[in-house]
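Show me the folded form of this:
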Amino acid sequence: MVDSSNSAIQRRPLCAELQATLNLIPAHTWYALPSGALTFLNRRASDYLGLPKDHPLRFGIDTGAQWDSHIPLLHPEDHEESRRVWSTCLRTGSAGQMNFRVRHADGEYRWFLSRAEPVRASDGTLLYWIGVNLDIEDRKQAEFYLAEGQRLAREIEERKIAEERIREQETELRQILDLVPQHISVLAPDGSRLYANHTALEYFGITLEQFRQPGKVPNELVHPEDREHFLAERNKRFLEGKPHEFEARLLRPVGEFRWFLIRLTPLKDEQGHITRWYGTATDIEDRKRAEEEIRKENIALREEIIKASMFEEIVGNSPALQQVLVRVAKVAPTDSTVLITGETGTGKELIARAIHKASKRADRAFVSVNCAAIPTSLIPSEIFGHEKGAFTGATQRRLGRFELAEGGTIFLDEVGELPPETQVALLRVLQEREFERVGGNRSIQTNVRVIVATNRDLPAAIAAGTFREDLFYRLNVFPIEIPPLRERKEDIPILVQYLIDRYARKAGRNIGRVNKETLDLFQLYPWPGNIRELQNVIERSVIVSENETFSVDESWLSRPPVRRSNQLELRERLNAQEKEAIEAALTESRGRVFGPAGAAAKLGIARSTLESRIRTLKIDKNRFKISNPS
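Next comes the predicted model:
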């Protein structure tokens with residue numbers, strides 16, 4: 001009788017006769033317990049897998065392996081499907097079949113057709129599983145090559161159809177290109193000429209073969225004055241491999257030159273290598289002629305404007321003011337640096353703008369910077385720009401005022417407030433016409449006219465050590481001193497009327513006349529705040545006026561102005577307090593400026609700022625250093 005108990009079935013070794021029979025079968029055969037655990041592989045399968053001669057699976061001995069222990073022997077892509085089929089067989093107790101790849105002892109995979117059959121007792125009890133794996137690698141290869149051949153045949157047919165379509169499209173594209181009114185050309189990566197459309201060939205009066213021939217023919221069709229720039233620009237951009245454009249005059253067979261805008265764009269492959277250059281040339285002759293006419297008209301109009309109202313914002317006809325305007329007219333056409341001095345509120349920026357308007361840079365930017373309104377630590381970044389990461393908060397590159405004013409004029413108001421390190425950078429700009437952004441290491445060339453202004457006594461600042469003497473001489477090329485309003489009292493009536501009209505229009509008021517007592521009061525008042533104070537008083541009066549007569553409350557002019565001596569005294573007091581605080585921090589840090597225990601950290605300011613203030617206040621930091629006893 002056959003013992004059908006599950007444990008007995010799972011532990012019974014395979015009989016010798018069955019092993020011998022399975023070993024003779026010219027296929028991979030195997031034997032598994034009802035649980036699915038593999039317990040026998042015939043000789044062909046064992047040798048294929050490279051199992052040792054004494055391996056238990058060669059003799060049908062149960063190794064206690066799991067039902068899926070054979071899965072790692074298969075190709076990784078077949079694991080999931082094999083596990084699904086085998087688990088289904090075990091669950092249903094029915095036969096199963098699938099294709100998978102089995103790894104050879106040398107690591108190579110081959111395709112097998114695997115068939116598993118259940119063997120049952122007379123009562124239906126599952127005794128064991130027997131399986132056969134047939135090598136179907138050759139069949140798989142044949143199927144692959146057949147499929148590949150069919151695929152290649154389809155590809156060849158599709159390619160023929162595509163090539164025919166491309167030829168049709170190419171013919172259509174050439175017809176379109178020949179009808180385009182622009183000159184279109186195609187160049188090889190080295191610049192050699194490959195194609196030009198009919199419009200270009202007809203314009204030059206040459207054939208496509210002549211265009212393709214190496215030589216100077218196309219280059220000689222460029223105007224002699226443009227030829228050097230044409231070749232230099234093209235060669236430079238070809239080396240850079242970047243799109244570019246430029247203007248040049250091209251010759252027609254009748255001997256006429258016309259202006260063209262030429263654009264060249266590279267076509268690159270996936271590796272970034274240039275495969276072709278595509279060029280277009282657009283006729284801009286009419287635009288050039290219009291621009292020339294407009295330029296001539298603008299020149300004539302500008303000359304008329306300069307003659308009629310060169311200083312429209314500067315009101316007055318006093319001798320003191322006229323003397324200033326004469327100097328402005330002389331220096332404006334030059335690129336000389338101008339130093340404008342005068343008390344606060346005298347209109348120094350108006351003079352700077354007048355110089356710019358009358359200069360050859362008038363059509364470019366006028367950039368104004370108030371150095372006193374910017375925190376000391378931010379002045380270098382504001383004027384020269386900064387790179388990304390130059391300091392905390394510099395999350396991206398920022399252009400400075402010099403770059404924004406390129407080709408035009410930069411006006412540095414209150415230049416006497418510049419910190420020492422910025423004075424050095426400004427001196428470099430004036431001497432070498434170049435600067436570096438904060439945090440950068442590349443010199444940037446600049447073409448900017450510099451006009452500066454100050455209400456400080458720069459010679460006194462030089463003596464006090466707060467302003468560089470060499471910078472002063474670089475700035476003081478053409479000095480212009482603006483007279484205070486108290487020295488041009490004859491201009492006050494004109495200024496009053498001008499300002500009343502301006503602020504009355506803004507306020508929607510109609511003010512027809514000026515109270516005589518008010519005008520007398522204005523001419524007697526010393527105006528310590530100069531024109532700015534006069535503007536403020538008039539604007540305030542226009543706002544509160546209730547009739548058509550302009551008048552001013554005398555109390556508005558009764559406050560004694562703060563004298564310059566008081567301002568200097570206040571500054572000296574503040575400097576003394578600042579010096580005392582810095583010396584106390586240096587004493588505590590034993591002369592160390594930076595680091596966690598340095599004076600900068602104790603004061604909560606940047607190291608560079610502290611170094612600058614130490615130099616400005618003439619503090620000897622070395623005297624605070626205490627050397628350790630030996």
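
okay, CA-based contacts and neighbour counts for the rest of this
OK.

ends of stretch 236-255, how far apart?
One end of stretch 236-255 to the other measures 29 Å (CA to CA, to the nearest Å).

Also stretch 380-397?
The first-to-last residue distance of stretch 380-397 comes to 14 Å (CA to CA).

ok, now stretch 235-249?
Start-to-end span of stretch 235-249 (CA to CA) is 18 Å.

now do stretch 71-80
9 Å.

roughly how far is that stretch from the heart of the chain?
How far stretch 71-80 lies from its chain's middle: 50 Å, per CA atoms, centre = their mean, to the nearest Å.

swap in stretch 141-154?
Taking CA atoms, centre = their mean, the mean C-alpha location of stretch 141-154 is offset from the chain mean by 51 Å.

What of stretch 434-441?
17 Å.

And it, what's buried?
Within stretch 434-441, the residues scored as buried using 16 or more other CA atoms under 10 Å are 434, 435, 436, 437, 438, 439, 440.

before we move on, what about stretch 100-114?
For stretch 100-114, using 16+ other CA under 10 Å, the buried residues are 100, 101, 102, 103, 104, 109, 110, 111, 112, 114.

again with stretch 365-374
365, 366, 367, 368, 369, 371.

Run a quick neighbour tally on the residue nearest to the fifth one when sequence neighbours are not counted.
What that stands for is residue 369. Leaving aside its sequence neighbours, residue 369 sits nearest to residue 412 (CA to CA, 6 or more residues apart in numbering; 5.0 Å). By other CA atoms under 10 Å, 24 other residues sit near residue 412.

likewise the one 3 residues further on?
Neighbour count for residue 415, taken as other CA under 10 Å: 23.

list the contacts for it?
Going by CA atoms under 8 Å, 6 or more residues apart in numbering, residue 415 touches 371, 372, 452, 453, 454.

mind listing what the residue nearest the centre of the chain touches?
Nearest to the mean C-alpha position of the chain, by CA atoms, centre = their mean, lies residue 397 at 7.4 Å. Counting by CA under 8 Å, 6+ apart, residue 397 touches 385, 386, 387, 388.

got a pLDDT number for the residue lying closest to residue 419 once chain neighbours are set aside?
Spatial nearest neighbour of residue 419, excluding adjacent residues (CA to CA, 6+ apart): residue 376 at 6.6 Å. Note for residue 376: predicted pLDDT of 84.

Phi, psi for residue 376 please.
phi -50, psi -40 (degrees, to the nearest 10).

Make sure it is actually in contact with residue 421.
No - contact criterion CA atoms under 8 Å: residue 376 and residue 421 do not qualify, at 10.3 Å.

can I assume residue 267 sits in a strand?
Yes - secondary structure of residue 267 (DSSP: H, G, I helix; E, B strand; the rest coil): part of a strand.

which residue packs closest to it, ignoring adjacent ones?
residue 276 (5.2 Å).

where along the stretch 51-200 of the chain do the helices fall?
Assigned by DSSP state H, counting those that start in this stretch, the stretch 51-200 of the chain shows helices spanning 79-92, 137-179, 198-204.

The stretch 401-550 of the chain: helices as residue ranges?
401-404, 420-432, 458-464, 469-475, 492-507, 516-524, 530-544.

who does the first one touch, helix- and strand-wise?
Which is helix 401-404. When contacts are defined as 3 or more CA pairs under 8 Å, 6 or more residues apart in numbering; DSSP states H and E, helix 401-404 packs onto strand 366-370, helix 379-384.

Now with 7 Å, please.
If you count contacts as 3 or more CA pairs under 7 Å, 6 or more residues apart in numbering; DSSP states H and E, helix 401-404 packs onto helix 379-384.

Tell me which helix or strand comes right after the helix it packs on.
Scanning forward in sequence from helix 379-384 by DSSP states H and E, the next helix or strand is strand 385-386.

so which of the buried residues of stretch 365-374 comes closest to residue 246?
The nearest member of these to residue 246, counting by CA to CA, is residue 365 at 23.6 Å.

For the closest one, list the residues it contacts.
Shown in contact with residue 365 (CA atoms under 7 Å, 6 or more residues apart in numbering): 405, 408, 409.

Tell me the most packed of these, by neighbour count.
residue 409 (28 neighbours).

Per-residue pLDDT of it, please?
pLDDT recorded at residue 409 is 94.

likewise residue 560?
51.

now residue 574
Residue 574 is assigned 74 on the pLDDT scale.

tell me which element it falls in.
Residue 574 belongs to helix 564-588, assigned by DSSP H and E.

following that helix, which helix or strand comes up?
Next helix or strand after helix 564-588 toward the C-terminus (DSSP H and E): helix 599-603.

tell me the mean pLDDT for that next one?
In this model, helix 599-603 has a mean pLDDT of 79.

Kindly report the same for stretch 43-58.
90.

Ok, stretch 344-363 next?
Per-residue scores along stretch 344-363 average to 91.

got the domain boundaries for the protein?
According to automatic domain parsing, the chain comprises the domains 6-135, 180-288, 310-481, 486-557, 564-624.

for those, which one sits closest to residue 161?
Residue 161 lies closest to domain 180-288 among the domains of the chain, at 24.6 Å (CA to CA).

returning to that earlier point: so which of the contacts of residue 415 sit within strands?
Mapping the contacts of residue 415 onto strands (DSSP state E) picks out 452, 453, 454.

What are the contacting residues of stretch 262-274?
By CA under 7 Å, 6+ apart, stretch 262-274 touches 189, 241-247, 275-282.

And for stretch 503-515?
Contacts to stretch 503-515, defined as CA under 7 Å, 6+ apart, come from residues 539, 542, 548, 549, 550, 551.

Determine how far the last residue of that stretch lies from the first.
So stretch 503-515: terminal residues 17 Å apart, CA to CA.

got it, and stretch 544-555?
Distance across stretch 544-555, first residue to last, is 14 Å (CA to CA).

Go through it and flag the buried ones.
Using 16+ other CA under 10 Å as the test for burial, stretch 544-555 gives 550, 551, 552.

which residues does the first one form a beta bridge with?
Beta bridges link residue 550 to residue 514 when assigned by DSSP bridges.

count of residues packed around residue 54?
8.

again, but for the one 4 residues further on
Residues contacting residue 58 under the criterion other CA under 10 Å number 21.

if I pick it, what's in contact with it?
Contacts of residue 58 by CA under 7 Å, 6+ apart are 40, 41, 42, 43, 46.

what about 6 Å?
Residue 58 is in contact with 40, 41, counting by CA atoms under 6 Å, 6 or more residues apart in numbering.

What's the separation between it and residue 49?
11 Å.

burial of the closest residue to residue 470 other than its chain neighbours, as a residue count?
Spatial nearest neighbour of residue 470, chain neighbours left out: residue 427 (7.9 Å); criterion: CA to CA, 6+ apart. When neighbours are defined as other CA under 10 Å, residue 427 has 21 of them.

residues in contact with residue 364?
Taking CA under 6 Å, 6+ apart as the contact definition, residue 364 lies against residue 408.
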